[in-house]
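# I'd like to go over a predicted model; first the sequence, then the structure.
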Amino acid sequence: MIVFEDVAHDYGGGPLFRDVTVRLEQGSFHFLTGPSGAGKSTFLKLCYGELLPSSGKVTLLNRDLREMTRDQLAETRERIGVVHQDCQFLDHLTVEQNVGLPLTATDRPLRESDVSDLLGWVGLGARADALPPTLSGGERQRAALARAIIGAPNVLIADEPTGNLDWEMSQRLMMLLIELNRMGTAVLIATHDLNLIRFAKAQVQARVMRISGRKLQLAGAEL
Amino acid sequence: MSARAISSLVVPGRGQSVWLVTLSSAAMAFLAVFALALSVTSARLAATWSDALAQTATVRISAPPEEMDSQTALVLDVLRTTPGIAEARVMVPDEQAALLEAWLGPDLPLDALPLPRLIELTETPEGPDRQGLRLRLAAEAPGAIYDDHTRWRRPLVQAATRLQSFALVSLVLIGAVTAAMIALAASAALSSNGQVIRVLRLVGARDRFIALAFVRRISRRALYGAAAGTAVAMLALLALPQAGSAVPVLAGLGFQGWTWALPLAIPPLTAILAWAASMATAFRVLRGVT
């Protein structure tokens, strides 16, 4: 699915991380942790091609990121769902239109019943016609999750998806991600919430990666 | 909802750049109609002047009074036997008086003036051998001078042709400025909708989809603006004095007959120009977004 080989990234002030070699397989569940500024978001951006590595090779769904044309990158992103911490909606479109965007913007068929079912699954059935600025933090995160998965992606990437949520809402959202993983989607979540990781590990076989000291390491058994 | 329908929704309708497109398209279309009218009018003038003076000529006979009739008869003989001359007619004194009246006023004592005699010629489409005719007239009637109006016709036609060229250059410049304004507006629209573009790229939208979402909106605005500008300019032209009216200044400027259809091409051409300019701008801007 996603393969990093000796990857380093540098914004100009020295490498944020280097020598990163990792393979995210189909159906796998990974957490990415580390202190603020360690490079978690940068790592995720490399995973969906928003950034190119300074060195090394990133392969997304069997395509070398450097070799991809812009259309190929767009085609790859059709198969990678992303949930940003700030959700990134088009605020002038309704929740239903935002959720359907990955299909309508890529000229794939969209059935309104699919969007309704999905909104019902994430508990937003009654908010389909609402505009994103009127949603609560939890509703925004669930709507972003619905948008990320409506195209049945092979990989789901979430950056601090529970950052603004209370514990109960965080658990509900995590259960949605676990359910999705059980259906075969590879999941990669960046978070620094250790309770959430422990909660997930009780439900699913998850691996935890940690960026620390400019290296990517597998986290220890304390998790 | 279809891709085309969502495409028209993803870009927010508000924004100054949209008004800039509408306003600049309207203003440029307004100017384009006048430049086109000038071009059409100057082409018509050139054709009219050229046709009016073509196939006509004059022979002027300056001779002592006692030789005037004999030289006139000689000249008419020469003209009758010259191929390319369809008709030769001696202008009567009243016609000469009418010609001079515009310059010297009425009640002119023609008898007291040593006026030359004028013979008006109508030439066949092939026309005579002008150099040969001049030589024959010089040999048989030394006081006769053949004038084919070239010295009048050429500068008039040149002036009208040049005016037409200026009008066409103006049209090209108007088109270039319109394209530049729309490109600027498209660039501003794309810059102010960076979040929209980022989200669309994130969900897998191709550059073409994103570009079209902006281009369709900009082209439609350009079409509406140009249609309004064209309509106002055509009404303004209709309000100008018509040819033959009591106000000769500007009379005849504008379109006649089928040429009224020409400005109707300006709105769709503006839309096509807007499409091309904004599409090129959109792809250039999008290259900077991952």
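Right, received. Where do you want to start?

# Which of the helices or strands spans A:Ala148?
Using DSSP states H and E, the secondary-structure element containing A:Ala148 is helix A:137-149.

# Could you point out the helix or strand that follows that helix?
strand A:155-159.

# can you give me phi and psi for the closest residue in space to B:Ile210 that isn't next to it in sequence?
Spatial nearest neighbour of B:Ile210, excluding adjacent residues (C-beta to C-beta, 6 or more residues apart in numbering or on different chains): B:Leu200 at 5.0 Å. From N, CA and C alone the C-beta is placed, and that goes for glycine too. For B:Leu200, the backbone dihedrals are phi -60, psi -40 (criterion: degrees, to the nearest 10).

# Pick out the residue of the stretch 51-200 of chain B closest to chain A.
B:Val199 (5.2 Å; C-beta to the nearest C-beta).

# Might one say that that residue is in contact with A:Asp86?
No - using C-beta atoms under 8 Å, B:Val199 is not in contact with A:Asp86; the gap is 10.9 Å.

# Show me which of the two is the more surrounded one.
Set side by side, B:Val199 and A:Asp86 show more neighbours around B:Val199, with 24 against 11, by other C-beta atoms under 10 Å in any protein chain shown.

# what comes up buried for stretch B:191-199?
B:Asn193, B:Val196, B:Ile197, B:Val199 (16 or more other C-beta atoms under 10 Å in any protein chain shown).

# sorry, back to before: residues touching the residue nearest to B:Ile210, list them.
A:Leu101, A:Ala105, B:Val10, B:Phe209, B:Ile210, B:Ala213 (C-beta atoms under 8 Å, 6 or more residues apart in numbering or on different chains).

# ok, it to A:Ala130 distance?
21 Å (C-beta to C-beta, to the nearest Å).

# go on, B:Ile210?
In this structure, B:Ile210 and A:Ala130 are 25 Å apart, going by C-beta to C-beta.

# Please say which of those two ends up with more neighbours.
B:Ile210 (27 against 15).

# pLDDT value on the most centrally placed residue in chain A, please?
The residue lying closest to the centre of chain A (C-alpha atoms, centre = their mean) is A:Ile157, at 1.5 Å. Looking at A:Ile157, its pLDDT reads 95.

# Where do the strands of chain A begin and end?
When assigned using DSSP state E, the strands of chain A occupy the ranges A:2-10, A:15-24, A:29-33, A:55-60, A:63-64, A:80-83, A:155-159, A:186-190, A:207-212, A:215-218.

# A:Val155 pairs with what?
With DSSP bridges as the criterion, A:Val155 is bridged to A:Ile80, A:Ala186.

# was I right about it contacting A:Gly184?
No - the pair A:Val155 / A:Gly184 is not scored as a contact, 10.7 Å apart, by C-beta under 8 Å.

# what about those two, which has more around it?
Comparing A:Val155 with A:Gly184 by neighbour count (other C-beta under 10 Å), the higher total belongs to A:Val155, at 23 against 10.

# buried ones in stretch A:161-176?
Neighbour counts over stretch A:161-176 (16+ other C-beta under 10 Å) mark A:Pro161, A:Thr162, A:Asn164, A:Leu165, A:Met169, A:Ser170, A:Gln171, A:Arg172, A:Leu173, A:Met174, A:Leu176 as buried.

# Lowest pLDDT pick from those residues?
Among the buried residues of stretch A:161-176, A:Asn164 has the lowest pLDDT, at 73.

# how about that one, what does it touch?
Applying C-beta under 8 Å, 6+ apart, we find A:Asn164 in contact with A:Gln85, A:Gly137, A:Gly138, A:Arg140, A:Gln141.

# can you list the domain ranges for chain A.
In the domain annotation for chain A, the residue ranges read A:1-79+A:154-223, A:87-152 (automatic domain parsing).

# Which of the ones you listed sits closest to B:Thr270?
Proximity to B:Thr270 (C-beta to C-beta) singles out domain A:87-152 among those, at 27.5 Å.

# now the end-to-end length of that closest one.
18 Å (C-alpha to C-alpha, to the nearest Å).

# Let me see the mean pLDDT of it.
On average, domain A:87-152 scores 89.

# Ok, stretch A:50-66 next?
Mean predicted confidence for stretch A:50-66 is 92.

# can you state the direction angle for the helix ranked longest in chain A and strand A:29-33?
Criterion DSSP state H: the longest helix present in chain A is helix A:167-182. With axes from the mean of the first three to the mean of the last three C-alpha atoms, to 10 degrees as the basis, helix A:167-182 and strand A:29-33 are set at 140 degrees to each other.

# same for helix A:167-182, what does it pack against?
The contact analysis (3 or more C-beta pairs under 8 Å, 6 or more residues apart in numbering or on different chains; DSSP states H and E) places helix A:167-182 against helix A:137-149, strand A:155-159, strand A:186-190, helix A:194-201.

# Minimum distance to B:Leu53: which of these has it?
Set against B:Leu53 and scored by C-beta to C-beta, those come closest in helix A:137-149, at 75.9 Å.

# What are the contacting residues of that closest one?
A:81-84, A:87-89, A:95, A:98-99, A:101-102, A:115, A:118-119, A:121-124, A:127, A:132, A:135, A:156, A:158, A:161-162, A:164-166, A:169, A:172-173, A:176-177, A:180, A:185, B:203.

# thinking again about what came up before, can you tell me which of the helices and strands packed on helix A:167-182 is nearest to A:Thr69?
So among the helices and strands packed on helix A:167-182, strand A:155-159 is nearest, using C-beta to C-beta, at 20.0 Å.
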